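Chemist: structure of the sequence below:
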Amino acid sequence: MSTRTRIAFLKGHGTENDFVIVPDPENSIDLPPAAVAALCDRRAGIGGDGLLHVVRSAAHPEAQDMAAEAEWFMDYRNGDGSIAEMCGNGVRVFAHYLQRAGYVGEGDLAVATRGGVKSVHIAKDGDITVGMGKARLPEGDVTVSVGERSWPARNVNMGNPHAVAFVDDLAHAGNLFSPPPFSPASVYPDGVNVEFVVDRGPRHVALRVHERGAGETRSCGTGACAVAVAAARRDGADPAVTGSPVTYTVDVPGGTLVITEQPDGEIEMTGPAVIVAEGEIESEWLETFVR
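Modeler: Numbering: from 1, shown residues only. This next block holds a predicted model:
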């Protein structure tokens, strides 16, 4: 990295889940956890919930076996620098960047992630649809609590664990700074994302979410998918039984996502992606976190 005087970056968001984007097709930029955390720092860096490292699959050792299916690899990092398998909002922003940079056009696109190759569709209106995989619905009762209130919750796994509670008022979720207690403790040994949900209309819900390790966030793609599946089952809708897809509109604090569950169980998430800025990182500053 010392041979470069500047490193290009962009800033983007998907329903206000925001990311630092670092284009690096040939995987030539060293981004250790400390450097990622510095870039995502909202006061001393650029600021973001995570970092999208844009790399050609063939150039990254973790993605080379996916290169035949997907030219581009989303090397996604959490804001603390840790590595994550997938980020639904992040994939939309990643695809939007590829289109903006002229690497891809409208239509279908495959993106390699640590969670496998994801199917993406870029629509003419700019909205982006991501295939999010299938939900699992483990059996067993779950209860979540905030203060004196408790609610039954639906256990939904989208590759990560979710507890979905339907409530009368989103204010009942409290401040969501700390993880809402749940029981039995054995259900989520590694913690859980908790969604509090209210009805807005037919097949239209709104949520607030506590993401494990992050607190309340403006948007959670897997959470919106989990909520749509839980709402569909509550409402007596199961595409695997009826053979017809089911679509829910899910309002998150940062915007709106549209979730469709197909008869084969595949869940598709559609929403916006926005690039708000681009610029250059001082490589001398970043190198202090690389050494």
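Chemist: N27 and N175: what is the separation?
Modeler: 41 Å (CB to CB, to the nearest Å). For every residue, glycine as well, the C-beta is placed using N, CA and C.
Chemist: which one's more surrounded, those two?
Modeler: The neighbour count for N27 versus N175, taken as other CB atoms under 10 Å, is higher for N27 (20 against 9).
Chemist: can you confirm the more buried one is in a helix?
Modeler: No - N27: not assigned to a helix; according to DSSP: H, G, I helix; E, B strand; the rest coil it is coil.
Chemist: burial count for the closest residue to it other than its chain neighbours?
Modeler: Nearest residue to N27, sequence neighbours excluded (CB to CB, 6 or more residues apart in numbering): A59, at 4.1 Å. Counted with other CB under 10 Å, the burial measure for A59 works out to 15 neighbours.
Chemist: ok, so what distance separates A59 from F73?
Modeler: Relative to F73, and taking CB to CB, A59 is found at 8 Å.
Chemist: my read: the residue nearest to N27 touches I29, true?
Modeler: No - taking contacts as CB atoms under 8 Å, A59 lies outside contact range of I29: 11.2 Å.
Chemist: name the residues contacting each of those two.
Modeler: Between them, A59 and I29 share no contacting residue under CB atoms under 8 Å, 6 or more residues apart in numbering.
Chemist: so where does E284 fall, helix or strand?
Modeler: Using DSSP states H and E, the element containing E284 is helix 283-290.
Chemist: what residues sit buried inside that helix?
Modeler: Buried residues in helix 283-290, counted by 16 or more other CB atoms under 10 Å: 283, 286, 289.
Chemist: got the CA coordinates for that helix in CSV?
Modeler: Only the C-alpha atoms of helix 283-290 are listed here, as CSV (Å, rounded to 0.1, in the frame of the first residue of the first chain):
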residue,chain,number,x,y,z
SER,A,283,-2.9,6.1,2.6
GLU,A,284,-0.3,7.4,5.2
TRP,A,285,-3.2,7.7,7.7
LEU,A,286,-4.4,4.2,6.9
GLU,A,287,-1.0,2.6,7.1
THR,A,288,-0.8,3.5,10.8
PHE,A,289,-3.4,0.8,11.3
VAL,A,290,-1.8,-1.7,9.0
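Chemist: cheers, nothing more for now.
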